[in-house]
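In: below are the sequence and a predicted model for it; my questions follow.
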Amino acid sequence: MNQMPLFETPRLTVTEFTRRVRRLLEGDKALQDAWVQGEISNFSRPASGHLYFTLKDAGASLRCVMWKGDALRTRGMPLTDGISVEAHGKIGLYEPSGQYQLIVDILRPAGEGALYAEFMRLKAVLQSEGLFDPARKRPIPQFPHKIGIVTSATGAALRDMLNVLRRRLPLVEVMLAPSLVQGEEAPSALVAALQKLNTLYQPDVILLARGGGSIEDLWAFNDERVVRAVAGSAAPVITGVGHETDFTLVDFASDLRAPTPTAAAELATPITLDDLAYSLQSRLARLDEIIARQIAERRQGLTALDAALKYYSPARRLMTEQQRLDDLTRRMTRGLEARFALESAHLAGWRDRLESLNPLAVLRRGYAVVSRPEDGKVILTAQDAPAGSNLRIRLAEGSLDVNVIRNS
Amino acid sequence: MSSSKPIEEMTYEETFAELQAVVGALEGEGRPLDESIALYERGQTLARHCASLLEKAELKVRQLNGEAFQEEA
C-alpha cells in the first residue's frame, strides 16, 4: 500500500493547479490548430452572440465555444443539434469551471473538408503545370465586337450581363452558348459550350459566368476539364462565378477574374458608348477647330496681301501725286502772299511820301489857292487879278467863286 | 485613306478610324484649301455616321443552338 503522509501541507491552490493544466494544454501545438469533426449537440446561441455547443462522436464529447466575431461568419449555415460539422480552433481552459473546451474560429458542414482538399490538390497540380501562370494571361480587348457568353440560358446571371452590355456598349454582338452550370453534367456541357463558341463563332472575348450559390453549386467551375478548357480557349476568357468571396479554379486559369457576372460584363467593355460619344465629340470639335484655323490663317494672309496690293496700287500713287500737288500749291500761295505783303508795305511808304506832297495838305492848315477860272492859272500876284475879275478860291474843303472888288 | 466602301456599310470602328486619319491629315501643314475643305466635309460625314451608329446601336443577341446560330427573340 502506498502510504500518503496524513498531514502534508497543500502545495498548490486550485487556481495554481488549474493554471498548470492550462499551460500544459496550451503548450501542445497540435491542440492550438486543430480540425475536429463531430456532431453538434447542446447547441445554444444566447443574446451575447457567442455560440456554445458540444461536439461528439460515438466515443467522446468536446465542449466548444465560438466567439461572436467568428460566429458571424456562420450566417446562413443550418446549425442545430444532430448535424455533422468540421470545427477548427484551439484548446482553451475555462478556469471558473475547470472545463477545457475547443475555442472554434471556423465551422463548416462536414464534407466540405473533402471538397476543399480536392480543390487544393487539383489547384497544386494545375499550378505546377503552369496553367495559372500570369504570363499566360492574354489582354482583354478594349473594344470587342463579338462577345461570347457561356452560362445558363435561364439564370439571372445572363440577364444581368445582357443588361450591363446593353447599357455600356450596345454596339457589340452577343453569342450565347447556353450550358448547364451545376450538377454532374455541367462540366462536360461547359467544356462543349466553350469549344463551340471558339470554333463556330470566334468571339473577341468570352464571359464564363454563374450567379451565386453554395460551394457545391459552384463545383463544376473547379472541374479539371473545365479549368483546362478555359486555359486552352482561343479567345480570352473573363470569369464571373458566384460572389465576390468565391474563388473557383477557373478564376485562376482565366485571363481575368471578375467578382460577379455583372462585373465580368463590365470588364469585357472597358470602353462604353458614353466614352465613344465623348471621343467622337472631341474629334468633331478638333475637326472644326482645324478648318477654322486654316481658314483664319488664309484670311490673315489675304488681308496682308490686300494691304500690300493697296500700297502699290495706282490709286495710291495718284493720291500721292495729288498730295504733292497740293503741297506745291500751298507753298506757292505762301510765297505769293509774302511777296504781296512786301509790295503793299512798299506801296504804303510811297503813299505816305505822296501824301506829304499833297497840296491839299497845305490847304488844311488854312491856306487857299486862288486861280482864274477861265484858264485855271494860279494867281500869285494881285496884279494878275484886276478889280471886277472873277476868281476861284480853293479851300481844304470845296471852293468859292468870288469877284474882286478892289485891287490894291 | 478614303475607303472604297459606301459609308452606310462601314462599321463604327472603320468609320472612327477614318475620322482619326482625316483629323490627322488635316493637322498636317501645307494642304491646298479646297483639299482641306474636302477633308473636313469627309470628316463631318464620318462623324455623323459614327454618331448615328451610336444612337441606333442595339445589343444583338444570338444563341448557339447545337451547331447553328439562332436569333434571340
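Out: Yes, it's here. It should be emphasised that the depicted structure is a prediction, and the values quoted were computed from it without experimental measurement.
In: pull the number of nearby residues for residue A:89.
Out: 22 (other Cβ atoms under 10 Å in any protein chain shown). Where C-beta positions appear, they are placed from N, C-alpha and C, glycine not excepted.
In: distance of it from residue B:34?
Out: Per Cβ to Cβ, to the nearest Å, residue A:89 is found 85 Å from residue B:34.
In: residues in contact with residue A:35?
Out: Applying Cβ atoms under 8 Å, 6 or more residues apart in numbering or on different chains to residue A:35 gives the contacts A:86, A:87, A:88, A:113.
In: check residue A:31 too.
Out: Neighbours of residue A:31 in contact, by Cβ under 8 Å, 6+ apart: A:25, A:90, A:91.
In: would you confirm that the first one belongs to a helix?
Out: It stands for residue A:25. Yes. Assessed by DSSP: H, G, I helix; E, B strand; the rest coil, residue A:25 belongs to a helix.
In: which ones among the contacts of residue A:35 map onto helices?
Out: residue A:113 (DSSP state H).
In: export the contacts of residue A:35 to TSV and append columns for distance to residue A:54.
Out: Conversion of those to TSV gives the following (distance: Cβ to Cβ, whole Å):
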residue	distance to residue A:54
A:86	15
A:87	11
A:88	17
A:113	20
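In: now the contacts of residue A:35: which count as buried?
Out: By neighbour count, with 16 or more other Cβ atoms under 10 Å in any protein chain shown, those hold A:86, A:87, A:88 as buried.
In: you'd agree residue A:279 is in a helix?
Out: Yes. Counting by three-state DSSP, residue A:279 is part of a helix.
In: mind listing the strands for chain B?
Out: Remark: strands assigned in chain B by DSSP state E are B:60-65, B:68-71.
In: how near is the residue most central in space within chain B to residue A:281?
Out: Taking Cα atoms, centre = their mean, the centroid of chain B lies closest to residue B:15, which sits 1.7 Å from it. Here the distance between residue B:15 and residue A:281 works out to 15 Å (Cβ to Cβ).
In: what average pLDDT does stretch A:291-311 get?
Out: Stretch A:291-311 carries an average pLDDT of 86.
In: contacts for it?
Out: Contacts of stretch A:291-311 (Cβ under 8 Å, 6+ apart): A:316, B:26, B:33, B:36, B:37, B:40.
In: what's the neighbour count on the second one?
Out: The one in question is residue B:26. By other Cβ under 10 Å, neighbour count at residue B:26 equals 22.
In: how about the residues of the stretch 201-350 of chain A near chain B?
Out: A:201, A:273, A:276-277, A:279-280, A:283-284, A:286-287, A:290-291, A:294-295, A:298 (Cβ under 8 Å from any Cβ of the partner chain).
In: just the buried residues of the residues you listed.
Out: Judged by 16+ other Cβ under 10 Å, buried ones among those: A:201, A:273, A:276, A:280, A:283, A:284, A:286, A:287, A:290, A:291, A:294.
In: farthest pair in these?
Out: A:201 and A:294 (46.3 Å; Cβ to Cβ).
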